[in-house]
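[1] for reference, the sequence and a predicted model appear below.
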Amino acid sequence: MKTKRLALSAISASFLAGVLSVSSVQSAEVPAGVKLAKKQEIVRVNGSEPSSLDPQKIEGVPGAYVTRDLFEGLVSDSPGGGTVPGIAESWSADKTKTIYTFKIRKNAKWSNGDPITAHDFVYSFQRAVDPKLASNYSWYMELAEIKNASAIIKGKKKPSELAVRAVDDYTFEVTLNKAIPYFVRMMAHYTTFPVHKATIEKYGNKWTLPSNIVSSGAYKLKDWAVNERIVLERNSHYWNDKETVINKVTYLPIVDRNTELNRYRAGDVDMGYERIALEHFRRLKKEIPNEVKVTGRASIYYYAFNNKRKPFNDVRVRKALSLAIDRDVVASKILGQGQIPTFNFTPNNLDGFVPPANPYAKMTQQQRDAEAIKLLKEVGFGKDKPLSFTLLYNTDDNHKKIAIAISSMWKKKLGAKVNLENQEWKTYLDNKRLGNYDVARAGWNGDYNEASTMLDLLTSNNSLNGSQYRNKEYDALLAKAKTAENPSEYYTKAEAIIARDMPVAPIYQDVTTRLIKPYVGGYKGNPLDNTYTKNYYIIAH
Amino acid sequence: MLKLIVRRFGVAIPTLLVLITVSFILMHAAPGSPFSSERTLPAEVLANIEAKYHLNEPLWKQYFIYLGNLIQGDLGPSFKYKDFTVNELLAQGFPVSAKLGLVSFIVAVVFGVAFGVVAALRQNTWIDYTSMTIAMTGVVIPSFVLAPLLILIFAIFYKVLPAGGWNDGSFKYLILPVIAMSTHYISAIARIMRGSMIEVLHSNFIRTAKAKGLPARQIIFKHALRPALLPVVSYLGPAFVGIITGSVVIETIFGLGGIGQLFVNGALNRDYSMVMGLTIVVGVLTIMFNAIVDILYAVIDPKIRYS
C-alpha cells in the first residue's frame, strides 16, 4: 500500500515578501485500514473530445481534465481547493510583490527522463503568448499581469521579451506589471504548464500524438482514438510517482448524459463527468446516494440585461425583472441538485472572500414581487401596458426549463410579455457578443480560485461583459482590488454596486454533480473542479 | 457499358465542384465563427488565430487556397481538434464507420432479402403477416429508441454485451451497434423485396416456367430472384453510402469514434475544413455508388442497356 501524507513546511500564509508554501496533498492519501484493489485502473467520462492535449492550445473542460493528468504546472489545486506545490517546491515574492521566484524541484523529470528545468518554463510561458502559436488562452498571461505579455500578443514585442527568466537551472523568475495577490493561484492553470521544447521542435504539431509526446505529470499518453478514448498510464519518471496509486486512466469522450449513465450502470465507467442529467438526478440520489457526489462550484448562472437597450437602460426595469425571479423555485424545484439561490455575483466558495449579504436576499419573495411591481409601474409598465421583450438562451433542456419558468413568473407577476428565443450555441454567442438581445441567459465558471475571476466579468473592457454594463466606479474598485493587500473590501463594494445597478440578475450558484463508484477513493471536489487522477485509488471490491 | 461508366464518372467532377462551392459558401455564411466562445477573444488574439487559418483573407481567396490544397489531397487543419488535420481525423474515423457500416450492410442485405423472399413465398400466411409486422416495426422504430433499449437489456440487465466502446471493432463490441444500425435497413429491404418478389412471381415468364414443370427452387433462384432484386439494388446505392458514412445516433450512443460524430461536431463547432472534408467524402461516395448501382442494374437485367 502506498500511503503518505506530504506535510510541506508552511513558512507564511500571507503574501508578504518571503518564501510561500502550503501544506497539503499532492498525491493519493489512502487512509489506514483501506485495502486496495490489485487492479488500479480507472475509467472516467470526459464530456466530449478535447480540442487538444497541448497545454497552450487547449480550451474547454475535457482537455483540462486530461492535461492535468499529463502535465503539471508550478503549482496545483489541492483536492479541497487550496493551492499546493507542483513542479515548483516553493516560491517567494520580492517586497513589491511584482517579482516571483519559483524553486523547481531537482527531482522533477519529463516522461522521457530529461530533467525539468526553469528553462522549460521560460520556453512554455513565451510559447503561450507567441502570436505564431495563436493560443486561445494567451489572454490568460495578460490577466496574470506578466510583464510584456500584452505587447507580445499584439505583435509589438518579441516572445523572448516576456518578463520571465531562468535565474539558474532550478530557479524560475516572473516579473509582473503590478502586484496581484492571487498570481500564484493562477499558475495552476494549464496554459502555464511546461512543455518539452525538443519534442515540439522535432515533431511540430504532431508532438501530442502518443508516439511522440513527452509530458511532465503523473501520467503519460498511451493511446488516443478520437471520439472514442484516451488512455494514460503511469509516468515512472514523475517526481512523486511513488505516491501515485492508479496505474491506468481511460477517458471516454461521451457527450450524451444518458449514454454516460448507461455506461456507468453497465459497469464500463467508474467516474462520471461533471453533470448528472437532471431527469435522472433525484432517482439516482435515492437509489445510489453514496455514488452521487455533489460539490459546490465556483460558477454563477445569471440573466444578462442589455444595459444599452431601452428599456433595460433603466435600472428600475432591470431591478424589477431581477426581483420577480423566484430563485428558490429555480434552484430547488427546477434543478434541485443543491444549487444555491443567490443575488450575489460571486460564489460563496472562493478563497479569501465571503460575499456580503445582499439586501434583497433578506426580503421575502412577496416583498420582492411588490417592489418589482412598484418599480415597473414607476417606469410606466404594468398589466395594462405590458413590458414586452425577448429572452435569449442557447439550446439546452435546462436553459429551456428555466427560461419557461422565469418568463411565466414575469408574466404572472409583472404582466410582461416574454418571447423565448432559443438559438444554437455559436449563433447565440454571436448575437450576445454583438448585443443583439434584450435579456440573455449567461453563466460563468471561475478560471482561478479568487473572487476577481467572477467580478472582473462586469468591468467595462472585459470581453465577457455581454450586458454592455459600463461603470467607472466599478472598474476602479476592481483595479484597486488587483493590487490590494486585502481585496475583500473592494469586492464587497463591487457587490454593493451590482445590487444597486443590477446590470445582471444572478440566479443561482451552481454545483458539480458526479457519479462515482463507491470503490473509487480519494475524490474530494473543489470549487473549480480541478481534479487529478493521481489523488485517487481503487478500493478492493 | 464502357461509355456508361465514362459518362457517369465524367459528370462527377463538375458535380463535386458545385458541391464544394455551395458547401463552402454556406459554411461561411452560417452565423458564428470557429473561434467564437463564451469569453470573446481579445481582438489581437483573434487576429493571430484568424491569420493562422487564413480567415483574415477575403472569402474568394480562402476558397482558392482551399481548392489549391484540395488538389494536393490536403483537406486542411481541423479548426476544433487542433492536434490533427482533417485527413488524419478522417483516417481515424472512417475505418470505424466503414467497418460498422459494412457489417451492418451485409447483415441488412442478407436478412432483408431472406425475410422478403420468405414472406413473398408465403404470401398472406401467418409467416408473411408476422415478418411484415416485424419489418414495419423495424422501419418505424427509431435507432435512438432501439439502441438504448438494446443496451438496457443486454448490457445493463443481463450484462452479456458491452454498453459501448469500439475496442478496434472486436466482435463483442460490434453486436449491439450492428443490430441497432441494420434493423431499419433489414426492415426496409424486406418490404421492398417482398413486394418486388410477389410482382415477379405473378409475371408471365414465371407462369410459363411453372407450366413447363420446372422445380420451385429453380424457378425462385434462377428466374425470379434476379429481376426481383432490381428495386432492392436501386435502394442499396444511397443506403450503402448512408450506412458506411456513419450514423451520428449510433456512434454517439455507443461511443464509437466514427465520422458521423465528426460531421455533427464539425457543423456545431463551425469547423469549416472538417465539414468540407466530410462533405467531399460523402459526395464522392454518393456519386460513386450511384454509378455502381446503375452499372449493376445493367448487369442484373440484360433488358437494360444504357448504351
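    Received it, and whenever you're ready, just let me know what you need.
[2] can you pull the contacts of the closest residue to residue A:521 other than its chain neighbours?
    Distances taken as CB to CB, 6 or more residues apart in numbering or on different chains place residue A:537 nearest to residue A:521, at 4.7 Å, with adjacent residues excluded. No exception for glycine: its C-beta is placed from N, CA and C like everyone else's. Applying CB atoms under 8 Å, 6 or more residues apart in numbering or on different chains to residue A:537 gives the contacts A:28, A:30, A:34, A:36, A:40, A:245-246, A:520-522.
[3] then residue A:303?
    A:321-322, A:325, A:391, A:406, A:439-442, A:504-505, A:507.
[4] next, the buried residues of stretch B:259-279.
    Of all the residues in stretch B:259-279, those buried under the rule 16 or more other CB atoms under 10 Å in any protein chain shown are B:259-267, B:269-279.
[5] could you list which of the residues you listed belong to helices?
    Judged by DSSP state H, helices contain the following of the buried residues of stretch B:259-279: B:259-267, B:269, B:272-279.
[6] near chain A, which of those show up?
    Counting by CB under 8 Å from any CB of the partner chain, B:261-262, B:265, B:269 from those sit close to chain A.
[7] now, among those, which is nearest to chain A?
    Chain A lies nearest to residue B:261 out of these, by CB to the nearest CB, at 5.0 Å.
[8] from what I see, the closest one and residue B:248 are in contact.
    Yes. Residue B:261 is within contact range of residue B:248, at 6.1 Å (criterion: CB atoms under 8 Å).
[9] anything in stretch A:139-156 near chain B?
    Yes. Judged by CB under 8 Å from any CB, stretch A:139-156 comes into contact with chain B at A:139, A:142, A:153-155.
[10] who touches stretch B:50-68?
    Stretch B:50-68 is contacted from outside by A:131-132, A:134, B:20-21, B:24, B:28, B:33-35, B:47, B:49, B:76-77, B:79, B:273, B:276, using CB under 8 Å, 6+ apart.
[11] how far does it sit from the chain's center?
    Here the centre of stretch B:50-68 is set off from its chain's centre by 31 Å, with CA atoms, centre = their mean, to the nearest Å.
[12] now stretch B:6-25
    19 Å.
[13] same question for stretch A:316-328.
    27 Å.
[14] do the same with stretch A:266-274
    With CA atoms, centre = their mean, you get 22 Å for stretch A:266-274.
[15] of all the residues in the stretch 51-200 of chain B, which one is nearest chain A?
    residue B:163 (3.5 Å).
[16] right, and that residue touches residue A:262 too?
    Yes. If you go by CB under 8 Å, residue B:163 and residue A:262 touch, sitting 5.1 Å apart.
[17] which of the two has more neighbours?
    residue B:163 (27 against 24; other CB atoms under 10 Å in any protein chain shown).
[18] list the contacts for the more buried one?
    Neighbouring residues of residue B:163 by CB under 8 Å, 6+ apart: A:262-263, A:265-266, A:268, B:151, B:155-156, B:176, B:254.
[19] what's the longest helix seen in chain B packed up against?
    As assigned by DSSP H, the longest helix anywhere in chain B is helix B:86-121. Contacts defined by 3 or more CB pairs under 8 Å, 6 or more residues apart in numbering or on different chains; DSSP states H and E place helix B:86-121 against helix B:126-140, helix B:171-201, helix B:225-244, helix B:248-254, helix B:259-269, helix B:272-300.
[20] and with 10 Å instead?
    With contacts taken as 3 or more CB pairs under 10 Å, 6 or more residues apart in numbering or on different chains; DSSP states H and E, helix B:86-121 sits against strand A:219-225, helix B:126-140, helix B:171-201, helix B:225-244, helix B:248-254, helix B:259-269, helix B:272-300.
[21] number of nearby residues for whichever residue of chain A sits closest to chain B?
    Of all residues in chain A, residue A:426 sits closest to chain B, at 2.7 Å by CB to the nearest CB. Using other CB under 10 Å, residue A:426 has 21 neighbouring residues.
[22] do the same with residue A:411
    15.
[23] tell me which element it falls in.
    For residue A:411, the host element (DSSP states H and E) is helix A:397-414.
[24] how about the residue in chain B positioned nearest to chain A, what does it touch?
    Per CB to the nearest CB, residue B:32 is where chain B lies closest to chain A, at 2.7 Å. Shown in contact with residue B:32 (CB atoms under 10 Å, 6 or more residues apart in numbering or on different chains): A:423-431, A:433, B:268-270.
[25] using pLDDT, spot the least trustworthy of the residues you listed.
    Within the set of the contacts of residue B:32, pLDDT is lowest for residue A:433 (83).
[26] what's the distance between residue A:280 and residue A:53?
    31 Å (CB to CB, to the nearest Å).
[27] likewise for residue A:135?
    Plainly put, residue A:135 is 14 Å away from residue A:53 if you go by CB to CB.
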